[in-house]
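Enquirer: Sequence below, structure please.
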Amino acid sequence: MFLYKIEIEMEDTSAHLILLAETDEKAFSFVESHVARHYIKMPVLKSVAIVEKKRTEVGSGYLIPQS
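Expert: Numbers count the residues shown, from 1 in each chain. Reported below is the predicted structural model:
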């Protein structure tokens, strides 16, 4: 399993999604469902990119600084 940091660009904003998945393909397949759960109206996704990928182990994580 891998821990992914995924950058999502939408029409009006951007976001980072931290996600646990077995492969890159599975990670991408989960993105829309996570975005849909967060917003009342599904935003248009302009781009989705994996920016970091780590093997999972105790203590794995990401620091996401405020912009």
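
Enquirer: Quick one: residues contacting the residue nearest to the spatial centre of the chain.
Expert: By C-alpha atoms, centre = their mean, the chain has its centre lying nearest to L17, at 2.7 Å. By C-beta atoms under 8 Å, 6 or more residues apart in numbering, the residues touching L17 are 4-6, 8, 31, 34-35. Glycine gets a C-beta too; all of them are placed from N, C-alpha and C.

Enquirer: Apply 7 Å and report the result again.
Expert: For L17, the contact set (C-beta atoms under 7 Å, 6 or more residues apart in numbering) comprises 6, 8, 31, 34.

Enquirer: quick one: it from E7, how far?
Expert: 8 Å (C-beta to C-beta, to the nearest Å).

Enquirer: and what of G61?
Expert: 17 Å.

Enquirer: next one: Q66
Expert: According to C-beta to C-beta, Q66 stands 15 Å off from E7.

Enquirer: quick one: the helices in the protein?
Expert: Using DSSP state H, the helices found in the chain span residues 24-38.
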